[in-house]
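**Q** My questions concern the predicted model and sequence given below.
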Amino acid sequence: MTDILQNVKNLYEQQPYPLPPAHLNEFVEGKLFPAGSPTDYFHLYWPDQPYRENLDILLAGCGTTQPAEFAISNPNAKIVGIDLSQNSLDHAKRLLDQHGCTNVTLHCLPIEQLDQLDQTFDLIATSGVLHHMENPAAGLASLNNGLKPNGRLFCMVYATYGRLGVYMWQDYCKKLGIGLENQDFDDLRAVLNHCPIDHPFVPLAKRSTDLQSNSGIADLLLHPQDRSYTVPELFDWIEGAGMTFDRWFLQATYLPQCSILSQTPHADKLAALPLREQYEAVELFRGNLHKHTFIASPPGSAPGSAPGSTPGSTPGSTPGSTPGRSLENASSNLPPKTSRGQTTPRIHFRGENWKQYKPIRFRGIGANTDNLPAGKLVRLQQAAHEFPMLTPYLDDQTIGMYQAIDQNKTLGQIAKDHPQTKAFFKMLWDFDQVFFKVETTHAK
Ligand SMILES: C[S@@+](CC[C@H](N)C(=O)[O-])C[C@H]1O[C@@H](n2cnc3c(N)ncnc32)[C@H](O)[C@@H]1O
């Protein structure tokens, strides 16, 4: 074990993360579900595969709560959790036993040695882990090797710009040799109370619950190994492991047409950029992204993975309901411009494929009718969005299409009664309101 790995292990042995809760009853009651849970998002991962629940899932760097959260939410899956920290795994085991979960096996094993399991997985979920590895490229490669040929990776890693203030505090703590004793935490809390209100740390500190526990403070500010990614660095990292970026887990955050940018004089310039550069530009505009959550595939499982083929969805106009100015490329039937090694996305709105899509509503969306602008009937919300988005509305023109979502009708069927179907559902897709099951012969 290298010094760095040992230091990371020591941190989580002393301060298991997240702070283990007394119970996970809200997961049992269905009020909460874990990010990336395949029971809830199966067709986000596999749009053209028949739905199934008996998946092999690996939780890589599972920590204290993820195993029981996944086990409760995916009772028919076979789940393996690995982690460096035995203390974290002991908490995980306690929660599994408490909730009667029998579908999880836990191993104290570093990701670097995943091949020792001699097993491959349909889904590997790794959240808040790879950025703590000495060699995240080797970590990603190791997970890639652990995927079945049509497997998927759900991954969250830190984003650079929104964590600037965190890194300043980390450097401050390193300079003063702040450790993991109780007194260190008490003293640090006292100093944090005087953090200047315009310090770059403040926005993230307000959003995060980490400052409420020693475990959270250790993970956030006292970490011995912590790196982050800008959007271009993220893509280089994923492609360096030979993997394919499928999509952001929630994509609206990265799309100019979902932000106020679409109402600025730069709207057309942004729309003219290749999709990946749109993501980069929106990240720079926002300046506050502190994590990236995405889905990736192993080599060979993405459709059209030939270099130079086309990137993600084409921004579309949405008559009657588009918030902001349209950012549609010259023709939505032409492939959007590509950049670097982007691949054809599984879901796109070129050609006629969209007619085979069956829309499924995301969990966590809400309909609100308070203080609506004139002519609007409903405001659609996505509770999982961390930052403000433009608001998609339903009106007389669009509500019929929205009500037609029943998990059975294809967009082609809906379009028979509603000529604006393609543009409307493209907008709902951009805004993380729906994802799609693609109707194929083998999916029946
Ligand atoms: C921030 S916690 C995240 C826990 C969990 N994934 C979650 O989202 O709640 C990071 C976890 O990754 C584990 N970890 C860090 N580096 C690891 C490695 N190289 N191999 C296995 N586990 C690792 C730590 O022990 C810790 O439990």
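**A** Thanks, I have it.

**Q** touching the ligand at all, stretch 68-76?
**A** No. Stretch 68-76 lies apart from the ligand when judged by CB under 6 Å from any ligand atom; the minimum separation is 8.2 Å. (C-beta placed from N, C-alpha, C; glycine too.)

**Q** Which residues does that stretch contact?
**A** Stretch 68-76 is contacted from outside by 24, 27-28, 32-34, 37-40, 53-55, 57, 59, 77, 79, 92, 95-96, 98-99, 101, 103-104, 125, using CB atoms under 8 Å, 6 or more residues apart in numbering.

**Q** OK, contacts around the residue in the stretch 301-444 of the chain that the ligand sits nearest to?
**A** Nearest residue of the stretch 301-444 of the chain to the ligand, counting by CB to the nearest ligand atom: Ala384, 15.1 Å away. Applying CB under 8 Å, 6+ apart to Ala384 gives the contacts 35, 250, 362, 364, 432.

**Q** Quick one: those as JSON lines, columns for secondary structure too.
**A** Below are the contacts of Ala384 laid out as JSON lines (DSSP: H, G, I helix; E, B strand; the rest coil):
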{"residue": "Ala35", "secondary structure": "coil"}
{"residue": "Leu250", "secondary structure": "coil"}
{"residue": "Phe362", "secondary structure": "coil"}
{"residue": "Gly364", "secondary structure": "coil"}
{"residue": "Asp432", "secondary structure": "coil"}
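
**Q** the longest strand in this structure is where?
**A** Ranked by number of residues, the top strand in the chain under DSSP state E is strand 147-158.

**Q** same for it, what does it pack against?
**A** Helices and strands touching strand 147-158, by 3 or more CB pairs under 8 Å, 6 or more residues apart in numbering; DSSP states H and E, are strand 121-127, helix 136-145, strand 291-297.

**Q** Can you list the strands that the last one pairs with?
**A** Strand pairing for strand 291-297, using DSSP bridges, gives strand 147-158 (antiparallel), strand 244-248 (antiparallel).

**Q** ok, so what distance separates Gly61 from the ligand?
**A** In this structure, Gly61 and the ligand are 3 Å apart, going by CB to the nearest ligand atom, to the nearest Å.

**Q** Nearest to the ligand, out of the strands paired with strand 291-297?
**A** Each of the strands paired with strand 291-297 has some distance to the ligand by CB to the nearest ligand atom; the shortest is strand 147-158, at 7.3 Å.

**Q** Can you list the buried residues in the closest one?
**A** 147-148, 151-158 (16 or more other CB atoms under 10 Å).

**Q** Could you identify the most distant pair in these?
**A** Lys148 and Tyr158 (27.5 Å; CB to CB).

**Q** all strands in the stretch 51-200 of the chain, in order from the N-terminus.
**A** 56-60, 78-83, 104-108, 121-127, 147-158 (DSSP state E, counting those that start in this stretch).

**Q** Mind putting the ones you listed into JSON lines with mean pLDDT?
**A** As requested, those are exported to JSON lines (pLDDT from 0 to 100):
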{"stretch": "strand 56-60", "mean pLDDT": "98"}
{"stretch": "strand 78-83", "mean pLDDT": "98"}
{"stretch": "strand 104-108", "mean pLDDT": "98"}
{"stretch": "strand 121-127", "mean pLDDT": "98"}
{"stretch": "strand 147-158", "mean pLDDT": "97"}
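
**Q** Let me have the ones you listed in a markdown table, adding distance to Phe285 as columns.
**A** Shown next, in a markdown table, are the strands of the stretch 51-200 of the chain (distance: least, CB to CB, whole Å):
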| stretch | distance to Phe285 |
| --- | --- |
| strand 56-60 | 32 |
| strand 78-83 | 36 |
| strand 104-108 | 41 |
| strand 121-127 | 26 |
| strand 147-158 | 19 |
